[in-house]
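S.K.: here is a sequence together with a model predicted from it:
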Amino acid sequence: MTGESINPYVSPATAATDDAVVADARMPVSVKLSLGSLGLLTLCLGVGLVVGLLRHVPQGSTLSTLAPFAVGVALLIGLLSRRRAARALSRLTVLLGALLSTWMLVVVVVMFLPPAPGSTGPTIVSVNGQPVAASDIMFFQVVTLAWAALATLCLWTPVFALGRRSARRWFAGDGMSADSGQPPARPSAGTR
C-alpha cells in the first residue's frame, strides 16, 4: 500500500509516497486549540514574570508566577512530544488548574461587588504593597477580572479539546488521514 492515497480525489502525482507521512496525519484542530490556549496563558505568565522581575516585586509574587509558568512550559513540551501519557497528564493538570482558576474568578467577582447598603467599601486598595488611587480602582477591577476570565478560558479549553476523539487518536498515533478524517484503509483479504 506504499504510495497509495487514502483520499480518492488526490491525484497520484501529488499523493504522499512516504509511509510515515501517510501514517502521521496532520495535527487535529482540537490539539492546535489546546496548544494555542496553553501557549497564550504561558506567554502571559512569562510576561508577568519578566515585568515582576524588572519592577522588583516581592519574592513571593515572583515565585507564584514562576511555578505556573514552568508547568505551562512543561505541558507544552509534553503535548508536542505526542505521547499518550503527556496528553493524560496535561489534561489532569489543566483540569485542576481550571477548577482553581474558576474558583479564583468567582472570588474576584464577589470581591468587586458593591458593598452592602450602610457599610463602607474598601478605603485603601493596594497592589504588591503599592496603594492604588481611588480614581484607578475601577480600572484595576476590570483588569483583574479580565485576567481571571482569560486564565479560566485558557485552562478550560484544553480540558475539553484534549478529550475529543480526534485528539485521543492523534496522541495514540492511529494515523487518521488528514484529508478524509478516516483511518488508513486496511489491506483486503486477497492481499494478505
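M.R.: Yep, that arrived.
S.K.: what is the host helix or strand of Leu43 packed up against?
M.R.: Using DSSP states H and E, Leu43 sits in helix 29-54. Helix 29-54 sits against helix 59-80, helix 84-111, helix 137-161, helix 165-172, with contacts defined as 3 or more C-beta pairs under 8 Å, 6 or more residues apart in numbering; DSSP states H and E. Heads up, the C-betas are built off the backbone N, CA and C, glycines and all.
S.K.: how many degrees apart are the longest one and helix 165-172 in direction?
M.R.: With axes from the mean of the first three to the mean of the last three C-alpha atoms, to 10 degrees as the criterion, the two stretches helix 84-111 and helix 165-172 enclose an angle of 140 degrees.
S.K.: give me the mean pLDDT for helix 84-111.
M.R.: For helix 84-111, the mean per-residue pLDDT is 90.
S.K.: in that helix, what counts as buried?
M.R.: Using 16 or more other C-beta atoms under 10 Å as the test for burial, helix 84-111 gives Ala86, Arg87, Ser90, Arg91, Thr93, Val94, Leu95, Gly97, Ala98, Ser101, Leu105, Val108.
S.K.: please name the nearest non-neighbouring residue to Met104.
M.R.: Closest residue to Met104 apart from its sequence neighbours, by C-beta to C-beta, 6 or more residues apart in numbering: Ala148 at 5.6 Å.
S.K.: and the gap between the residue most central in space within the chain and Ala148?
M.R.: Most central in the chain under C-alpha atoms, centre = their mean is Leu38, positioned 2.5 Å from the mean C-alpha point. Taking C-beta to C-beta, to the nearest Å as the measure, Leu38 falls 17 Å from Ala148.
S.K.: low-confidence regions, the chain specifically.
M.R.: 1-25, 59, 120-125, 127-128, 134, 174-192 (pLDDT under 70).
S.K.: now with 90, please.
M.R.: For the chain, the stretches with pLDDT under 90 are 1-27, 45, 47-67, 82-86, 104-105, 107-145, 147-148, 166, 169-192.
S.K.: okay, stretch 37-56 in PDB with CA atoms only?
M.R.: Extracted as PDB, the C-alpha positions of stretch 37-56 are listed here (Å, rounded to 0.1, in the frame of the first residue of the first chain):
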ATOM      1  CA  SER A  37      -4.600  28.400  24.600                       C
ATOM      2  CA  LEU A  38      -1.900  26.900  26.800                       C
ATOM      3  CA  GLY A  39       0.700  28.900  24.800                       C
ATOM      4  CA  LEU A  40      -1.300  32.100  25.300                       C
ATOM      5  CA  LEU A  41      -1.600  31.600  29.000                       C
ATOM      6  CA  THR A  42       2.100  30.600  29.300                       C
ATOM      7  CA  LEU A  43       3.100  33.700  27.300                       C
ATOM      8  CA  CYS A  44       1.000  35.900  29.600                       C
ATOM      9  CA  LEU A  45       2.600  34.300  32.700                       C
ATOM     10  CA  GLY A  46       6.100  34.800  31.200                       C
ATOM     11  CA  VAL A  47       5.400  38.400  30.500                       C
ATOM     12  CA  GLY A  48       4.100  38.800  34.100                       C
ATOM     13  CA  LEU A  49       7.200  37.100  35.400                       C
ATOM     14  CA  VAL A  50       9.600  39.400  33.400                       C
ATOM     15  CA  VAL A  51       7.600  42.500  34.500                       C
ATOM     16  CA  GLY A  52       7.700  41.300  38.100                       C
ATOM     17  CA  LEU A  53      11.500  40.800  37.900                       C
ATOM     18  CA  LEU A  54      12.100  44.200  36.300                       C
ATOM     19  CA  ARG A  55       9.900  46.000  38.800                       C
ATOM     20  CA  HIS A  56      11.500  44.200  41.800                       C
END
